[in-house]
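1. Give me the fold of what follows.
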Amino acid sequence: MATKRVLVIDDEADVRAVVQGCLEDIAGWNVVTAASGFEGLQRVLIEQPDAIVLDVMMPGMDGFAFLQALHSQAQDRCIPVILLTAKINLDYTPTPSVLSIKGIISKPFDPFILAEQVASILNWQMES
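-> Below you'll find the predicted structure:
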């Protein structure tokens, strides 16, 4: 079985580094990162991740705009998404892109249990 690949999209470098470290060191998954929604869309095409951990509040393209763009870009593939956010506003009209949202992890998160939370939401096994 191939190692799972997770794309982490967050505008904060510290958050990207902590999430990457947790998912690689604790879960044993391959992690690639992007600093913006725009970069994330490029990474999806190049890296073909099995899942995405996505910050909601980012400058430029926020998490929901990213989801809409992702849905139109990868219509043949539903990539599971976990939202990582300090504040979420659910007062929006659901679109097909929200169907890929599998869970929400709030910031600040506990780095010691982050990998377990992601594994549980995605129904994945940790590999390390």
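2. Rounded mean pLDDT for stretch 57-69, please.
-> Averaged across stretch 57-69, pLDDT comes to 92.
3. Between the two ends of that stretch, what distance do you get?
-> 16 Å (C-alpha to C-alpha, to the nearest Å).
4. for the chain, what spans make up the helices?
-> With DSSP state H as the criterion, the chain has helices at 13-21, 37-47, 63-73, 114-122.
5. Show me what the second one is packed up against.
-> For helix 37-47, the packing partners by 3 or more C-beta pairs under 8 Å, 6 or more residues apart in numbering; DSSP states H and E come out as strand 5-9, strand 30-34, strand 51-55, helix 63-73. Quick note: C-beta positions are derived from backbone N, CA and C, even for glycine.
6. so who does the spatially most central residue of the chain touch?
-> Taking C-alpha atoms, centre = their mean, the centroid of the chain lies closest to Val53, which sits 1.3 Å from it. By C-beta atoms under 8 Å, 6 or more residues apart in numbering, the contact set of Val53 is Val6, Leu7, Val8, Ile9, Asp10, Val19, Leu23, Val81, Ile82, Leu84, Ile105, Val118.
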